[in-house]
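1. Kindly generate the corresponding structure for this input.
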Amino acid sequence: MAKGAITAIVEEKDATPKQRRIREINTGIMLLPGKRLAGWLAKLSNRNAQREYYLTDVVALALKDRVKVASCAPHHDWEIIGVNSKHQLAELERTCQSNTATRLLEAGVTLADPKRIDVRGELRCGRDVRIDVNCVFEGVVEVGEGAEIGANCVLRNTVIGAATRIEPFSMIDDAVIGTRCRVGPYARIRPGTRLAQEVHIGNFVEVKASSVGAGSKANHLAYVGDSSVGRNVNIGAGTITCNYDGANKHRTVIEDDVQIGSDVQLVAPVTVGAGATIGAGTTVWKDTPQGGLVINPKTQQHRPGWKRPIKKVMNDE
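-> Down below sits the predicted model:
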């Protein structure tokens, strides 16, 4: 047998003084041929100092069967660290995240604080990407050249286009965000969403299973679900697509150049024609023609001399 070849793995209590001087150790990680393993396990014996069956004894059995045994050394100590407690698991996780942060920095990504990033999958970044603190990346996430991710964002299985800004506290899940978009803060982009270039999705806006055309905006407090939104559409604050009838989901179509006022309800299935303007507070429950103004008739009353109620003061007895 060649000098330095592996002949067996021996427990320290069973080792001879000469064997104890060997500096190579077993980490507990082995790659074994499954077809032979059952036969070797049947031959294991507990004739040792601790009267135990050692899986590592299969190495000597393999050599007897003329199966080649080779060793492999780790590049770093942390690769073979055992985990026996939640504390050790957390320490190893921090080591893994630190290594990921180092690779990102070396690739040219700017991290506001390398100790405050969690990559729980694969993060691919273009040039000049900036990532603020406490961001979480899950699954496969791609961030385009020059994009910025604000603090405390969660991105899962998502593509972020070049030069796009994701403002703080936004959550994006299984979506494609186009180039030069602005999302957030406090925006939620749910699965199936596709934003074209230069789309603005503002604070407390939720978009789900929808496509939004280039240059369109929903800047405040809106819900866009199961919708096809055209180009250069403005969706006012408080607007919602009423996509669920209690049993089924229905789609809303908003064509190009539509202006939607605040507090509008679009009751799906419905189509808003290109160039239409929907007045504030309107409920749209049937298709609207292109162009023109759509409103619900309203009556406003004025009562002169009306007095506000006065809060009653209760005397303590």
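2. alpha carbons only for contacts and neighbour counts from here, please
-> Fine.
3. who touches stretch 102-110?
-> By C-alpha atoms under 8 Å, 6 or more residues apart in numbering, the residues outside stretch 102-110 that reach it are 111, 114, 125, 126, 127, 128, 129, 130, 131.
4. so where's the stretch 51-200 of the chain shaky on pLDDT?
-> Low-confidence segments of the stretch 51-200 of the chain (pLDDT under 70): none present.
5. sorry, back to before: CSV please, covering the contacts of stretch 102-110 and showing distance to residue 266, neighbour count and secondary structure.
-> Converted to CSV, the contacts of stretch 102-110 look like this (distance: C-alpha to C-alpha, whole Å; neighbours: other C-alpha atoms under 10 Å; DSSP: H, G, I helix; E, B strand; the rest coil):
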residue, distance to residue 266, neighbour count, secondary structure
111, 42, 19, strand
114, 45, 20, coil
125, 38, 21, strand
126, 39, 17, coil
127, 41, 15, coil
128, 40, 17, coil
129, 38, 22, coil
130, 38, 20, strand
131, 37, 22, strand
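6. What is the nearest of those residues to residue 157?
-> residue 125 (13.5 Å; C-alpha to C-alpha).
7. quick one: the closest residue to that closest one other than its chain neighbours from residue 178, how far?
-> Excluding its sequence neighbours, the residue lying closest to residue 125 (C-alpha to C-alpha, 6 or more residues apart in numbering) is residue 143, at 4.8 Å. According to C-alpha to C-alpha, to the nearest Å, residue 143 stands 11 Å off from residue 178.
8. overlap in contacts of those two?
-> 160, 161, 162.
9. Please dump those into a markdown table; it should also carry neighbour count and distance to residue 194 for every row.
-> Formatted as a markdown table, those follow (neighbours: other C-alpha atoms under 10 Å; distance: C-alpha to C-alpha, whole Å):
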| residue | neighbour count | distance to residue 194 |
| --- | --- | --- |
| 160 | 27 | 10 |
| 161 | 23 | 11 |
| 162 | 23 | 15 |
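10. how about the longest helix along the chain: buried residues?
-> In the chain, with assignment by DSSP state H, the single longest helix is helix 86-106. By 16 or more other C-alpha atoms under 10 Å, the buried positions in helix 86-106 come out as 92, 94, 96, 97, 98, 100, 101, 104.
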